[in-house]
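1. Have a look; sequence and predicted model below, questions after that.
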Amino acid sequence: MSLRTCSQRLGAALRTPRPHISRAGRRCYASTATATSNLPADVRQAIENEARLPNADPPADSSTTRLVQSQSPYMVPTYVRPPPMFEQGQGCYLWDVENRQYLDFTAGIAVNALGHCDPEMSKILYQQSQTLVHSSNLYHNPWTGALSQLLIEKTREAGGFNAGKVFVCNSGSEANEAAIKFARKCGRTAQPDGSKHELVSFHNSFHGRTMGSLSATPNPKYQKPFAPMLPGFRYGTYNDIDSINDLVTEKTCGVIIEPIQGEGGVNVADPDFLLALRKRCTEVGAVLIYDEIQCGLGRTGKLWAHCDLPSEAHPDIVCTAKALGNGFPIGATLVTDEVSSKIVTGDHGTTFGGNPLGCRVAHYIVGRLSDPELQRGVLEKEARFREHMSKIQKRFPSVVKEVRGRGLILGMQLNADPTPIVTAARERGLLIITCGTNTLRFVPPLIISDSEIDQGMRILEDAMVAVFEKPGHIEGTDGQQEMR
């Protein structure tokens, strides 16, 4: 019997008013009371197990559940969420409405690269909100251009592609939409008859949920409810060099690819594959787009994931978002001057994108994430994570197949459904998410300390022990990843 079911039975059976008992006192009380109670053995065991958990999920009769149930009727049901409700964050930790602390290895899905509630970011938000929040793109403001200039300069300093111009928007999906439109415009410029219009993407990719970015995300779960997709999209196999020539043709206007697939399972592109892709795009005059929304801005230990590649594999467009605002919604599409030359006034636009509040915040974030010392720390922290993962793999050789990724975007491939591990970890104070097929994903804040890594990995190992080595059943909680 699951803890959730037991909680529901207890909530119904024990609804009499009780005096407040502290968390520590409650555990002691639960342990003592069950020793002499007449409750069924499975219920007694569940009570004692729950009492030992530092962060047991809120039961059905909790204040959290009542609050969720009061709000849910007014929300479109686009997500299935686990029980806790978070209301405060600081650094690498979150607290729920019942004041329980969680170490966060998710960083808001690779968003909070500088952790939660970075003090300087909070100061900037306050200061700029007192100065100017929005004036529209009909007028100039100091921060859109300043952010664009900083992105270009830092990209070049880091050894990234030859970026020349920036379009600032509100999200990753919009950054990819802009890239798709820019590629189409380049194709139309090359072939005014419209024959050069096809876009290529790859299986297990995730580029967003708007119709253009969704059309580039070949996942039937996402596409089928909204079919038909936009015409002109073709899908290839990631890292399959032999298929490139047939896939990318004279009709191709653009190719969009993640150098590291995040939602698809933390799959890393082979440098030779990206070299071959770049070569073929150049041959047919197609625009090469790198979606670095999840893997960019320092997460691999470089400003961009492609900075480790030879210049012969560099793209024409890079899309970014997520960490760009550290939680404030903002995205950007960086393009070469060659691509920019095809875009004229009126071709694209945005109401909120480039507003002075978002751009001032992002200007600060880019400055922090481009710091070489922070990036060196990412690689040191990767090594520490891998050391722990190797230890876990040795303890669970039949469960852990491999570890892959770069920097602080890592995936642990399992031979089993990881959702019970996610649940067990959460109930022990660690937040972790999944991706792809049976993969645990690690995308913590880049500022995470060695002691926090050690703490989180100990919790993860304890959770895996609870799932695979101890009697009883832990049910997985759905809703822990984008792609399913």
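-> Nice, I can see it.
2. give me the element residue 70 is part of.
-> According to DSSP states H and E, residue 70 maps onto helix 63-71.
3. repeat for residue 88
-> Secondary structure from DSSP H and E places residue 88 in strand 86-90.
4. List the contacts of that strand.
-> By C-beta atoms under 8 Å, 6 or more residues apart in numbering, the list of residues contacting strand 86-90 from outside reads 94-97, 102, 104, 112, 115-117. Glycine gets a C-beta too; all of them are placed from N, C-alpha and C.
5. so what's residue 166 closest to, chain neighbours aside?
-> With sequence-adjacent residues excluded and distances taken as C-beta to C-beta, 6 or more residues apart in numbering, residue 166 is closest to residue 148, at 3.8 Å.
6. Might you report the residue contacts of the one you found?
-> By C-beta under 8 Å, 6+ apart, the neighbours of residue 148 are 165-166, 168, 332.
7. That one: what secondary structure?
-> Of the three states, residue 148 takes helix under DSSP: H, G, I helix; E, B strand; the rest coil.
8. Verify the stated contact: residue 217 with residue 201.
-> Yes - in terms of C-beta atoms under 8 Å, residue 217 counts as a neighbour of residue 201; the distance is 7.1 Å.
9. and for these two, which residues touch both?
-> Common neighbours of residue 217 and residue 201 are listed as residue 207 (criterion: C-beta under 8 Å, 6+ apart).
10. When those two are compared, which one has more neighbours?
-> The residue with more neighbours, out of residue 217 and residue 201, is residue 217; 29 against 26, by other C-beta atoms under 10 Å.
11. Now the more buried one. Nearest residue, chain neighbours left out?
-> Per C-beta to C-beta, 6+ apart, closest to residue 217 is residue 207, 5.0 Å.
12. For burial, what's the neighbour tally of that neighbour?
-> 29.
13. How about residues contacting the one helix or strand residue 454 maps to?
-> Using DSSP H and E, residue 454 sits within helix 450-468. Helix 450-468 is contacted from outside by 92, 103, 105, 381, 384-385, 388-389, 391-392, 395-396, 399, 416, 420-421, 424-425, 428-430, 432, 444, 472, 474, using C-beta under 8 Å, 6+ apart.
14. what does the average pLDDT come to for it?
-> Per-residue pLDDT over helix 450-468 has a mean of 97.
15. Filter the contacts of helix 450-468 down to just the buried residues.
-> 92, 103, 105, 381, 385, 388-389, 392, 396, 399, 416, 420-421, 424-425, 428-430, 432, 444, 474 (16 or more other C-beta atoms under 10 Å).
16. Restricted to helices, list those.
-> 381, 385, 388-389, 392, 420-421, 424-425 (DSSP state H).
17. Can you name the two of those residues that sit furthest apart?
-> Greatest spacing in these, by C-beta to C-beta: 381 and 420 (26.7 Å).
18. can you give me the helices for the stretch 1-150 of the chain?
-> 3-13, 23-35, 41-52, 63-71, 107-110, 119-129, 142-157 (DSSP state H, counting those that start in this stretch).
19. Confirm that residue 412 sits in a strand.
-> Yes - using three-state DSSP, the assignment for residue 412 is a strand.
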